[in-house]
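Peer 1: 3D model of this:
(2 chains)
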Amino acid sequence: MRNEDMQAKLKTAFEHATPDVLDTVLSDIASGNTENKQIIVMGGQKNMKNTIRNLTAIAAAAVLLVGGGAGFAVYNNNYKVASTISLDVNPSVEITANKKEDVLAVTALNDDGRKIIGDMDFSGSSIDVTVNALIGSMLREGYLSDLANSILISVDDADAARGAALQKKLADDINTILQTNAFDGAVLSQTIVKDSDAWTLAEEYGITAGKAQLVNEIVAGNPVHTFEELAPLSINELNLLTAGSAVTTTAESVGQASDKAYIGSNRAKEIALEHAGFMAADVVGIQVEMDYEHGVMVYEVDFYADAYEYDYDINAETGEIVKNDKEFEDDAWFNQYEQKMVKESQKEERLQNEQASVRQEQGTSADYLTPDDVKKIAFDHAGVTADTVFDLETEFDYDNGRAEYEIDFESGEFDYSYDIDAVTGEVIKNNKKSDPENLFENGLSTTSPDGTTEYISADRAKEIALSHAGVAETNVFDYDCELEHEKGRTFYEVDFESMNYEHEYDIDAVTGEIIRSDKEIRD
Amino acid sequence: METVILLHLAELDGLRENIDPSALDIYIRRIAAGDTRALESLYHETSASVYAYAVSVLKNVHDAEDVLHDCYIAVHSAAANYSPSGGGKPMAWIITIAKNLCFMKLRERKKKAETEDEDFFINAQYNADHALTPEDAFILNECMNELSDEERQIVVLHVVSGFKHREIAAFLDMALPTVLSKYHRALKKLKNSLSKGEREE
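Peer 2: Here you go, the predicted model:
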């Protein structure tokens, strides 16, 4: 069977096996029955004029609103949690309050949260006083600053109207505090969407439900990230991620996340171009986006130049290049590699065919050992391990009525050659010959056998040849290196193929000088 | 202009062997613009890839069906955030979404201590719902049982989703030569067991 047939059969089989869930998908989307159904875009409101400074008045109004439901049991008014408010910066704290907006408890959800609460006791204080004190502490401890100015306020309240009012009041309040602090804050505020899985996720990851909701929305909008990966990020980092993308979140956003802790997108561009060796004018389609990859905030820089697509991830803090990728727009390189692999598999096929024809000729149904089996027999016999072996060659042969493998290899300073019975594994013939040059060719030594001369290493010779040829290591195929002596000179004879050429070098083993170089177009 | 292309593609539906990435790009952009017919087209073009990948990872047809469903819901809500400039590989984007959903499923399963299927496509009832022939079922079961997890994912990504080997290498974070040798070994195993299966019949 040909590979193409196998591939086609497999593809068809999977196509036939795929259940049709399109109708369910469409009806779920139509009915809004999706996890992210309640995405509301409210970002970008800059309604700062309405900032209400008289907090007391608003608090009173809110109490009045609640007071509308008079006649509740004292317990319900005094001790039952009516609202949960969470503040996330990097410190995460959760405030629970009763219907009268008296604080019942303030809980830290991470170490930074514990630090900002310190030994303050808020029980019985109003929500306003508590939030003010917490923000003050965050400013003092430097969690909110010019470098990281984003805060997330989330309100969860059984009474939607009350929750919305509380959200607005707190957002305005915090905005005012931040505005008076010599830097512009970025405030995200939201109410927890009913029936969302924010609370479940929050519990699982030990974060606030508010942060869980935000992270969940970012992941939904950009599913190449996972919840797990983004959950530990600070709100400033999350705010930067949403700012540069089309992710829609429930949160209302005022102000811009600070990128002052980072090198900035222009610097990121410069670093990428410099590394790739281009001037800005040489490249097209350059794009910079902030993202979170490899566990750090990065600038993703993409551009095209010559026949390549360049792709850089640059650590946003240090400017270090964490990933750089350059892809050929054509598949020349890949095709060559694939050809090589196909050759290998053809080699195996040839062996199978050869063995089949020997069987037929001899009228036997003998089971032959595999090249791997006999390799092991030869190595054991020679007392060498696979990792010390170089230049291994195996051949199947039918000789004098006997199927056998011929195996040649190098290990240490010796050349080994074996004939091994392909059925029984018996060693028919073996030969071990000293060849001190192996030591140099295989990079085991650089000192001449008489101890008088120091040679450059085979690796160094390779470097010299590749750099002269201007060929990257990954584009080298069929590399071979031999130590030769001629006319009183000792040199490495290096052969390899690159994308389009066959290269040959003679490199002086003492000085590293290129004695001869030759380059021909491959056939 | 885009409409013309879409009609043209619709006519060719079923005839085209390989999935055209630029068509997928257009579908995703139209989904972002609220066009459910584009979602239908995208689904028809790519659902086998998503399902095949999910079943390769999860080794359970029911979980894979869940992921298939959730994947298109996620594609629908994330379409607006898809950027063709970010590599311009729509199939890789879709499969990455499927991959994350699969991992969520695996975590969920770990919690509930659920296990994998043993005979994936032998269940007669399951077969009755689909166009699965006995040969298909045989091939799929061999693919599930004879190949290692890595081999299976590599084969599926190449054969069903049309990933190039070096895209697979990047996707699975493996070296290209490893991907190539695993791919060739896997294909060979399948060919062998298939010709054996034919002899036994």
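Peer 1: neighbours around the closest residue to A:Asp291 other than its chain neighbours, how many?
Peer 2: Residue nearest to A:Asp291 in three dimensions, not counting chain neighbours: A:Glu300, with 5.0 Å by C-beta to C-beta, 6 or more residues apart in numbering or on different chains. (Each C-beta comes from the backbone N, C-alpha and C, glycine too.) Residue crowding around A:Glu300 was assessed by other C-beta atoms under 10 Å in any protein chain shown; the count is 21.
Peer 1: Which of the three states applies to A:Ile207?
Peer 2: coil (DSSP: H, G, I helix; E, B strand; the rest coil).
Peer 1: While we're on residue 23, how confident is the model there?
Peer 2: Chain wasn't specified; assuming chain A. A:Asp23 is assigned 89 on the pLDDT scale.
Peer 1: that's the wrong chain, I meant chain B
Peer 2: Per-residue confidence at B:Ala23 stands at 81 (pLDDT).
Peer 1: That one: which element?
Peer 2: helix B:21-32 (DSSP states H and E).
Peer 1: okay, that helix in CSV with CA atoms only?
Peer 2: Provided in CSV are the C-alpha atoms of helix B:21-32 (Å, rounded to 0.1, in the frame of the first residue of the first chain):
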residue,chain,number,x,y,z
PRO,B,21,-6.3,28.6,4.7
SER,B,22,-7.4,31.8,3.0
ALA,B,23,-10.9,30.6,2.8
LEU,B,24,-10.8,29.8,6.5
ASP,B,25,-9.5,33.3,7.2
ILE,B,26,-12.5,34.8,5.4
TYR,B,27,-14.9,32.5,7.2
ILE,B,28,-13.5,33.5,10.6
ARG,B,29,-13.7,37.2,9.7
ARG,B,30,-17.3,36.8,8.6
ILE,B,31,-18.1,34.9,11.8
ALA,B,32,-16.8,37.9,13.7
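Peer 1: mind listing what's buried in the helix or strand where A:Asp173 lies?
Peer 2: Per DSSP H and E, A:Asp173 falls inside helix A:160-179. For helix A:160-179, a neighbour-count test (16 or more other C-beta atoms under 10 Å in any protein chain shown) marks A:162-163, A:165-178 as buried.
Peer 1: can you check stretch A:410-417 too?
Peer 2: Counting neighbours by 16+ other C-beta under 10 Å, one finds that the buried residues in stretch A:410-417 are A:Glu410, A:Ser411, A:Gly412, A:Glu413, A:Phe414, A:Asp415, A:Tyr416.
Peer 1: Buried residues in the helix or strand A:Leu134 falls within, which are they?
Peer 2: Under the assignment given by DSSP H and E, the secondary-structure element containing A:Leu134 is helix A:127-140. Of the residues in helix A:127-140, A:Ile127, A:Asp128, A:Thr130, A:Val131, A:Asn132, A:Ala133, A:Leu134, A:Ile135, A:Ser137, A:Met138, A:Leu139 count as buried by neighbour count, 16+ other C-beta under 10 Å.
Peer 1: now do stretch A:479-497
Peer 2: Neighbour-count burial for stretch A:479-497 [16+ other C-beta under 10 Å]: A:Cys481, A:Leu483, A:Thr490, A:Phe491, A:Tyr492, A:Glu493, A:Val494, A:Phe496, A:Glu497.
Peer 1: Apart from its neighbours in sequence, what residue is nearest the residue nearest to the spatial centre of chain A?
Peer 2: Compute the mean C-alpha point of chain A, and by C-alpha atoms, centre = their mean the closest residue is A:His294, 4.7 Å away. Distances taken as C-beta to C-beta, 6+ apart put A:Val322 closest to A:His294, at 5.2 Å, once the chain neighbours are dropped.
Peer 1: show me where pLDDT drops low in the chain?
Peer 2: No chain was given, so I picked chain A. In the predicted model, chain A carries pLDDT under 70 at residues A:34-79, A:180-182, A:195, A:244-246, A:306-307, A:328-342, A:499, A:523.
Peer 1: actually chain B
Peer 2: Checking chain B against pLDDT under 70 turns up B:1-19, B:84-88, B:113-130, B:197-201.
Peer 1: For the residue nearest to the spatial centre of it, what is the enclosing helix or strand?
Peer 2: Using C-alpha atoms, centre = their mean, the residue of chain B that lies closest to the mean C-alpha position is B:Ser49, 2.2 Å off. Secondary structure assignment for B:Ser49, by DSSP H and E: helix B:36-58.
Peer 1: Which strands or helices does that helix pack on?
Peer 2: helix A:3-17, helix A:22-30, helix B:2-12, helix B:21-32, helix B:61-78, helix B:90-112, helix B:149-159 (3 or more C-beta pairs under 8 Å, 6 or more residues apart in numbering or on different chains; DSSP states H and E).
Peer 1: please redo it, this time with the cut-off set to 10 Å
Peer 2: Applying 3 or more C-beta pairs under 10 Å, 6 or more residues apart in numbering or on different chains; DSSP states H and E, one finds that helix B:36-58 makes contact with helix A:3-17, helix A:22-30, helix B:2-12, helix B:21-32, helix B:61-78, helix B:90-112, helix B:134-146, helix B:149-159.
Peer 1: how about those helices, which one is nearest A:Ser83?
Peer 2: The minimum distance between A:Ser83 and the helices and strands packed on helix B:36-58 falls on helix B:61-78, with 28.9 Å, by C-beta to C-beta.
Peer 1: so, in contact with chain A or not, the closest one?
Peer 2: Yes. Using C-beta under 10 Å from any C-beta of the partner chain, we find that helix B:61-78 touches chain A at B:61-62, B:64-66, B:68-78.
Peer 1: Quick check: the gap between A:Leu178 and A:His16.
Peer 2: For A:Leu178, the distance to A:His16 under the criterion C-beta to C-beta, to the nearest Å works out to 60 Å.
Peer 1: same thing with A:Leu87?
Peer 2: If you measure A:Leu87 against A:His16 using C-beta to C-beta, the figure is 54 Å.
Peer 1: Looking at the two, which is more packed in?
Peer 2: Just comparing A:Leu87 and A:His16: by other C-beta under 10 Å the higher neighbour count belongs to A:Leu87, 27 against 19.
Peer 1: top helix in chain B by residue count?
Peer 2: Among the elements of type helix in chain B, defined by DSSP state H, the one spanning the most residues is helix B:176-200.
Peer 1: Packing partners of it?
Peer 2: Applying 3+ C-beta pairs under 10 Å, 6+ apart, one finds that helix B:176-200 makes contact with helix A:3-17, helix A:332-362, helix B:134-146, helix B:149-159, helix B:165-172.
Peer 1: right, and those - which one's nearest B:Glu108?
Peer 2: Evaluated over the helices and strands packed on helix B:176-200, closeness to B:Glu108 peaks at helix B:149-159, with 18.5 Å, by C-beta to C-beta.
Peer 1: I'd say A:Asp128 and A:Lys169 touch.
Peer 2: Yes. Taking C-beta atoms under 10 Å as the definition, A:Asp128 is a contact partner of A:Lys169 at 8.1 Å.
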